[in-house]
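**Student:** Give me the fold of what follows.
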Amino acid sequence: MSIRYVLKEGVAGLRRTRLASFTSIFSLFIAVFLIGLLTRAGFNAYDVAQSLRQQVEVEIFLQDLDQQTTDEIESRLQQIEFVESMVYISKDSAAAIFQEEFGVGSESLASLRFLPASFRLMIDAEANINEVDQVVSEINEWSGVDEVKFNLALLQMLQSRIEMSALVGGSIVLVVILAAIALVYNTIRLTIYSKRELIRAMKLVGATNGFIRRPFLVEGLIQGLIAGVVASGLLYILFSFIIPAQLPQVGVLGWPYGEWYYLTGGMILLAVVMGWWGSRWASRKFIRDATVYS
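**Tutor:** Here you go, the predicted model:
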């Protein structure tokens, strides 16, 4: 079968069922556009959450220890996997920080050096919350450790919000994808029905199901390509020109992986796959048995 014939029949199928084809393309456009919006919003929400997670610290206040014991505690802390970085704050440094934060009048109090030395640990944003909490509890029992401060509630809240957003967003995306594929399926079914006499004749002269099916697959691919290009183009224009002109602060939102073409390219690919899958589903079902056209 020539590629020219397949493409010609695929485009002809769009013309035969114009209203259904438009509905299918429009549904694919809406689906892919919504998925693009959710992906952009979700990426930035996740990025903000990860930034907040990186700001969560574990502060370990020490008793009055000699240098050797302090070094031993530092060595044990460095072996913890989820510790991204660590800062040691001596009693003198703690007094200087206290004086800087409280300003004039705090000099005399700071000179008493009443604040303990401490280690401040920055946690890896990908660290497991339960693991961090367990290790923090163990550190609290170490000899020489006076107190450990760790904002577990904030980490749990961030984790809960990320999981809930992923669940809700994923559910919406799944429903939208299934609805769009179902509309493509219905469009191809109508196209097949409009060519039922030709298909029956082709089968009588020995045409295989695969031979008959290819133009319908091309039709689905074309529908997906049109919808994907329009949806990705609109998303790019919306976030690059329209929204920043009205809401300049939105211009700081990042694209996934730092470039616009990753998301828009993914949207086009998704639309093509959805169009192909819907057409494949319909063509396999209704071309397999010629009796469906009687």
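**Student:** any weak-confidence spans in the stretch 1-150 of the chain?
**Tutor:** Within the stretch 1-150 of the chain, the segments meeting pLDDT under 70 span 1-2, 54-55, 98, 101-114.
**Student:** For Ala12, which non-adjacent residue is closest in space?
**Tutor:** Pro215 (7.9 Å; C-beta to C-beta, 6 or more residues apart in numbering). (Glycine included, C-beta is placed from N, CA and C.)
**Student:** mind checking pLDDT for that neighbour?
**Tutor:** pLDDT for Pro215: 85.
**Student:** other SSEs contacting the host helix or strand of it?
**Tutor:** Using DSSP states H and E, the element containing Pro215 is helix 209-237. Judged by 3 or more C-beta pairs under 8 Å, 6 or more residues apart in numbering; DSSP states H and E, the packing partners of helix 209-237 are helix 3-16, helix 18-55, helix 152-194, helix 196-204, helix 260-287.
**Student:** and if we set it to 7 Å?
**Tutor:** Judged by 3 or more C-beta pairs under 7 Å, 6 or more residues apart in numbering; DSSP states H and E, helix 209-237 is in contact with helix 3-16, helix 18-55, helix 152-194, helix 260-287.
**Student:** Give me the next element, helix or strand, following it.
**Tutor:** helix 243-246.
**Student:** could you dump that next one to PDB, C-alpha only?
**Tutor:** The C-alpha trace of helix 243-246 is given here as PDB (Å, rounded to 0.1, in the frame of the first residue of the first chain):
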ATOM      1  CA  ILE A 243      -0.700  36.200  31.100                       C
ATOM      2  CA  PRO A 244       2.600  38.000  31.800                       C
ATOM      3  CA  ALA A 245       1.200  41.100  30.200                       C
ATOM      4  CA  GLN A 246      -1.700  41.100  32.700                       C
END
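**Student:** how far out from the middle of the chain is that helix?
**Tutor:** Relative to its chain's centre, helix 243-246 lies at 24 Å (C-alpha atoms, centre = their mean, to the nearest Å).
**Student:** does the residue nearest to Ala12 really touch Lys8, like I thought?
**Tutor:** No - here Pro215 does not reach Lys8: they are 8.1 Å apart, not a contact under C-beta atoms under 7 Å.
**Student:** measure Gly206 to Leu198 for me?
**Tutor:** Going from Gly206 to Leu198 by C-beta to C-beta, to the nearest Å gives 14 Å.
**Student:** neighbour-wise, which of these two wins?
**Tutor:** Using other C-beta atoms under 10 Å, the more surrounded residue of Gly206 and Leu198 is Leu198, with 13 against 7.
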